[in-house]
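Colleague: coordinates only, sequence not included:
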Ligand SMILES: Cc1cc2nc3c(=O)[nH]c(=O)nc-3n(C[C@H](O)[C@H](O)[C@H](O)COP(=O)(O)O)c2cc1C
């Protein structure tokens, strides 16, 4: 029997579609990982603006954000991990207040209630008090808040390397792939 880790990747309307694109490319190359992609309407707009067409069909299944019939919408079949990459302040607020009004918010809600990993990658600057309070609420509820803030200590020589460095760290946090030594401090 083939056992796959069930990964939900939610892409929302914050800047940083390149991170999600790289996440899909990296996970497509991994065995034993099944990626289920969710996109908000605004995520599609931002993706077109930042990257053009896509995401291209690949090794992921596309879920409908307006429907609640995917297994991951129920605690009885929760995902092994959910990553919201990038996470808009709007989606952050919806998850923090438990609206569960689209599949992204509902699956995040399920991850928290089932004590399953939920990794949020917010992107906004500067942050207002509402953003900060929502992040605190979510951290207290068990989410990992991993701001889209790549490090420069590996001296990335291109934008691609910078994006790759950050996505590698998210994959490590999500328990999907170990971090390459070249991306570790002092290794
Ligand atoms: C080009 C573009 C870039 C945006 N960047 C951000 C951002 O970095 N962070 C953010 O919180 N919202 C950003 N927004 C605004 C969100 O897309 C907007 O608040 C939207 O309602 C979020 O919807 P969603 O959470 O359902 O994806 C951006 C919008 C556009 C059109």
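Modeller: Ah, there it is. Given the structure is predicted, the values throughout are model-derived calculations rather than measurements. Residues are numbered from 1 along each chain as shown.
Colleague: Tell me which residue in this protein sits closest to the ligand.
Modeller: Using CB to the nearest ligand atom, the closest approach of the chain to the ligand is made by residue 13 at 2.7 Å. No exception for glycine: its C-beta is placed from N, CA and C like everyone else's.
Colleague: Flag every residue of the protein that's near the ligand.
Modeller: 12-15, 40, 42-43, 45-46, 49, 88-91, 123-124 (CB under 6 Å from any ligand atom).
Colleague: Now do the helices in the protein.
Modeller: Taking DSSP state H to define them, one finds helices in the chain at 17-28, 41-51, 89-96, 103-113, 129-141, 159-173.
Colleague: who does the shortest one touch, helix- and strand-wise?
Modeller: Pointing back at helix 89-96 there. If contacts are counted by 3 or more CB pairs under 8 Å, 6 or more residues apart in numbering; DSSP states H and E, helix 89-96 sits against helix 103-113, strand 118-122, helix 129-141.
Colleague: returning to what we had before: rebuild the helices of the chain as a markdown table, extending it with mean neighbour count, mean pLDDT and distance to residue 150.
Modeller: Listed next are the helices of the chain as a markdown table, based on neighbours: other CB atoms under 10 Å; pLDDT from 0 to 100; distance: least, CB to CB, whole Å:
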| stretch | mean neighbour count | mean pLDDT | distance to residue 150 |
| --- | --- | --- | --- |
| helix 17-28 | 21 | 97 | 9 |
| helix 41-51 | 15 | 97 | 16 |
| helix 89-96 | 22 | 98 | 19 |
| helix 103-113 | 23 | 98 | 23 |
| helix 129-141 | 15 | 98 | 18 |
| helix 159-173 | 18 | 96 | 4 |
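Colleague: Looking at those, spot the one closest to residue 82.
Modeller: Among the helices of the chain, the nearest to residue 82 by CB to CB is helix 103-113 (4.9 Å).
Colleague: Just name whatever secondary elements that closest one is in contact with.
Modeller: If you count contacts as 3+ CB pairs under 8 Å, 6+ apart, helix 103-113 packs onto strand 5-11, strand 33-39, strand 81-87, helix 89-96, strand 118-122.
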